[in-house]
Every structure is written in C-alpha cells, then in structure tokens.
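Chemist: Structure of the sequence below:
(4 chains)
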There are 2 protein chains.
Amino acid sequence: MAQRLFVAHGFDRTSVDDIAVAAGISRRTFFRYFPTKADVCFADSPAELARLREGLSAADPRESYRPAVVRAVTAALRFPPGEREWALQRAQLVLGVPVLQAHATQVYAQWRAAAAEFARGRQPGDDVFPVVVGHAVLAATLAAHEYWITHPAGDLEDALAQMLDLLLPPEPPPT
Amino acid sequence: MAQRLFVAHGFDRTSVDDIAVAAGISRRTFFRYFPTKADVCFADSPAELARLREGLSAADPRESYRPAVVRAVTAALRFPPGEREWALQRAQLVLGVPVLQAHATQVYAQWRAAAAEFARGRQPGDDVFPVVVGHAVLAATLAAHEYWITHPAGDLEDALAQMLDLLLPPEPPPT
DNA sequence: GCAGGTTATGGCACTCTGTGCCAGAAGTGG
DNA sequence: CCACTTCTGGCACAGAGTGCCATAACCTGC
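Modeler: Numbering: from 1, shown residues only, chains lettered A, B, ... in the order given. Just a heads-up that it's a prediction; the model follows:
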C-alpha cells in the first residue's frame, strides 16, 4: 500500500503521515509496525534471508561449494509469477532511491554474514575465503538485480546464476 | 577533529552540536561545510574517486584489464605511512557504524560507476561485463577493508590485490 | 583610511523522522 | 460484568537537515 505511494509520488516526497492517513492508522501506530519508513520496502527480507540460510545449510558437504551457493541464492530470491511486477518495482525502488540503497546495507550485511559462515564451514582455518565469498554472493545478487531492472524481459534467476558464476571465487584446495 | 569525537563517544551519541562546539563554529556553519553529519568521514572520498578514474583512464588499452584495475584501485586507496592509523580508524568507523555503512552507499555507487564505465570501454556491446566488473571492484575493495580491520598488521594494498585477483571475472574474448 | 561589494558566519524557525510516555479503546477469559 | 492483556492514539520531545535573513569578516579600488 505504501509502496504504491512511493512509486506514485517518490519516496522522499511521501511522509509517514501520508502513509498513515492512506492506511487509516495513526503515525504512531505505523512506527509500531515498521521501525523505519524505509522498512516498508524490506518486509520480505527476513524470509529471504531465512531461505538463504536454509538452502546453504541443506547443501551436501561432498558437493563443491559453487553450485550449492547458486542453488541456495536463486531459491531464496524466487518469487511466485504473480509477484513479478511487484518484485521488479521493489527492486527499482531499492536500487534507485538513495535512502533505500542506504537502508539496504543492513540487509546486505546479513546476507554477507550468512554466506561467509557457510564458506567458513567449507574451509576451516582460512580467513580470506569467507570474506570473499560473502562479498561475492552479495555483489552477484546486486549485479543481477541491477541487470534485471535494465533488462526486465529476462528472468532474475538466470541473471543471478550468471553473475554468481562470474563472481564466485574458485574453491581453494583443502588445507 | 570530529572523527576523534566519533571514536571517543560513538557516532550516534555525538550530536552535530557537540561537533560544532568542539570545532568552535556554529551548528549552521557545520552544515555548510558538510551536507551531513556522516560526510565528515568521507572527506577524502572525492579525491580517491578521482585517482581511481585517473588510473583507469591512464591504462594502456593493449594491456589486459585485470592488472590495470588492480593498479588503479591500489593506487587510488594508497595513503602516506603517517596516515595509516587514521585510515584504519576511519575504516573501522565506516564498516562498523550502521549509519556510516548506509551513507557509504553513495560513494560505492560512484566507484561502481567508474569501474563499469572502464569495463564498458573494454567490451563494447556487452551489457553484463560492466555491471559485473563494477560490483567486483567494489566487493573486492570492501572485502579488503573488512579483512584489513581484522588483520591490521598486514597491508591494505596486499589485501586489495588479493581480493581483486579472486573477484575480478576473467576477460571475455572480444566480440 | 574608507566606501563598495562579495563572501563567510550565526541565529531563528521550520519540517520530518524516530522515540518515550501515558491514557484510553478493544479484545479475551473467568 | 470484571479483570487482564494487547492494540492504538495523542502528546511532547530530541536530533538532522533546510530556508531565510541579518551581520560580521574580508577583499577590492580609490
């Protein structure tokens, strides 16, 4: 509901009062549901993060790590076909509005942490590998979304797989 | 000067009034020098960005792109030895304080854009390569800083080179 | 040194976000 | 119906950031 206002009038020109009035609640109540105006656009993020963690921890330890990451990430960000427009609109907002780009860093940090933790389990004792994998997963996710909003005819999932293939580092030999 | 206050009392617990009083200026004047409280920590960013662009555009077009990027990035972020503590402190702030992480996205976007523009010049007609290189350069820069603040004994420059080597995609064959 | 204009500074009032506190409405179980 | 919990709204507040205007500091040329 609020997302529609953001798209129609711009995020910055939509005040919390506007949203509250449109939603038929008070300003104070809005802040009980969403800690921040920007959080309206990140309502699905906890679920996506949970799916990512789930997909990573479900991976077969004997399988090499790259296909496992590709599968977990694409599954975590999959959406039902009916929500395609909705997801695209949200991606345009998050990647295009500075305040939302900024707010997204908190979500990104959790993605990085999840990927890094998985990588640490694959290469115990290696301090570099988890950091690189964390940033690679995040960079690929962002790159895929960036590519998607400029080429909306294609599928996000394909872009994700392609970007991950280009950005994930090779698996170092076990120590 | 303000950075010292941030380190001593925390970024959030330091108000603009505090900074203004410590600097002997008025609150209003502070906002003339820095559009935002967070911008205090990004005073060097325009110069770093300029050095990055410069280094990239100075690269020999016959050289493959990866070493050119490594040279440009490491040169852009090089600092005199006397500023090492200062730079490390700033990195800890920017990577550790949520508000600063968030504000940094604006700077990151410019880095990505500079790297992407360079990559576009190397692979005209390829829509994927610039996006990937932009995100790879940024991811490697962040990964290097993240590694550096947890292993401050090493050199940032070495970490940058290592991360870029792991994250930069291979150069696709010319079309 | 002085009148001219330009630039830097300070103060004031305002909007907006986000928060703490408290009062009252709404729902729930006995 | 009553007690208890939960949801909601209003109010006041702090802090960031901005627009406006008055004034102080700094050059100019004369």
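Chemist: Next to DNA strand D in this structure, residues from chain A, please.
Modeler: Residues of chain A lying close to DNA strand D by C-beta under 7 Å from any atom of the strand are A:24, A:25, A:26, A:28, A:29, A:32, A:33. Where C-beta positions appear, they are placed from N, C-alpha and C, glycine not excepted.
Chemist: from the residues you listed, which ones fall inside helices?
Modeler: Mapping these onto helices (DSSP state H) picks out A:28, A:29, A:32, A:33.
Chemist: Out of those, the closest to DNA strand C would be?
Modeler: Ranked by distance to DNA strand C (C-beta to the nearest atom of the strand), those are led by residue A:28 at 5.3 Å.
Chemist: Pick the one among the ones in helices among the residues of chain A next to DNA strand D closest to residue B:16.
Modeler: Nearest to residue B:16 among those: residue A:28, at 26.4 Å, using C-beta to C-beta.
Chemist: and the helix or strand bottoming out on mean pLDDT in chain A, does that touch DNA strand C?
Modeler: Every helix and strand in chain A was compared by mean pLDDT, DSSP states H and E; the lowest is helix A:2-9, with a mean of 82. No - with C-beta under 7 Å from any atom of the strand as the criterion, DNA strand C is not reached by helix A:2-9; the gap is at least 10.8 Å.
Chemist: May I have the residues that are in contact with residue A:99?
Modeler: By C-beta atoms under 8 Å, 6 or more residues apart in numbering or on different chains, residue A:99 lies in contact with A:11, A:12, A:38.
Chemist: now the helix or strand containing residue A:89, how far from the chain's geometric center?
Modeler: Residue A:89 belongs to helix A:84-96 when assigned by DSSP states H and E. How far helix A:84-96 lies from its chain's middle: 11 Å, per C-alpha atoms, centre = their mean, to the nearest Å.
Chemist: in it, what counts as buried?
Modeler: A:87, A:88, A:89, A:90, A:91, A:92, A:93, A:94, A:95 (16 or more other C-beta atoms under 10 Å in any protein chain shown).
Chemist: Excluding chain neighbours, give the residue nearest to residue A:101 in space.
Modeler: residue B:105 (4.5 Å; C-beta to C-beta, 6 or more residues apart in numbering or on different chains).
Chemist: buried ones in the helix or strand harbouring that neighbour?
Modeler: Using DSSP H and E, residue B:105 sits in helix B:98-122. For helix B:98-122, burial by neighbour count (16+ other C-beta under 10 Å) applies to B:99-108, B:110-112, B:114-116, B:118-120, B:122.
Chemist: so which of these are also by DNA strand C?
Modeler: Okay, of these, nothing touches DNA strand C (C-beta under 7 Å from any atom of the strand).
Chemist: Next, the buried residues of stretch A:3-17.
Modeler: Those would be A:3, A:5, A:6, A:11, A:14, A:16, for stretch A:3-17 by 16+ other C-beta under 10 Å.
Chemist: start to end distance for it?
Modeler: Using C-alpha to C-alpha, to the nearest Å, one end of stretch A:3-17 lies 14 Å from the other.
Chemist: Export only the CA atoms of stretch A:42-62, formatted as PDB.
Modeler: Extracted C-alpha coordinates of stretch A:42-62, given in PDB (Å, rounded to 0.1, in the frame of the first residue of the first chain):
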ATOM      1  CA  PHE A  42      12.100  -4.700   3.200                       C
ATOM      2  CA  ALA A  43       9.200  -6.600   4.700                       C
ATOM      3  CA  ASP A  44      10.200  -9.800   2.800                       C
ATOM      4  CA  SER A  45      13.900  -9.600   3.600                       C
ATOM      5  CA  PRO A  46      13.800 -11.800   6.800                       C
ATOM      6  CA  ALA A  47      12.100 -14.500   4.900                       C
ATOM      7  CA  GLU A  48      14.500 -14.400   2.000                       C
ATOM      8  CA  LEU A  49      17.400 -14.500   4.500                       C
ATOM      9  CA  ALA A  50      15.900 -17.500   6.200                       C
ATOM     10  CA  ARG A  51      15.600 -19.300   2.900                       C
ATOM     11  CA  LEU A  52      19.200 -18.500   2.100                       C
ATOM     12  CA  ARG A  53      20.500 -19.900   5.300                       C
ATOM     13  CA  GLU A  54      18.200 -22.900   5.000                       C
ATOM     14  CA  GLY A  55      19.400 -23.600   1.400                       C
ATOM     15  CA  LEU A  56      23.100 -23.300   2.400                       C
ATOM     16  CA  SER A  57      22.900 -25.500   5.400                       C
ATOM     17  CA  ALA A  58      20.900 -28.100   3.500                       C
ATOM     18  CA  ALA A  59      23.800 -28.500   0.900                       C
ATOM     19  CA  ASP A  60      25.600 -31.700   0.700                       C
ATOM     20  CA  PRO A  61      29.100 -31.200   2.200                       C
ATOM     21  CA  ARG A  62      30.600 -33.500  -0.500                       C
END
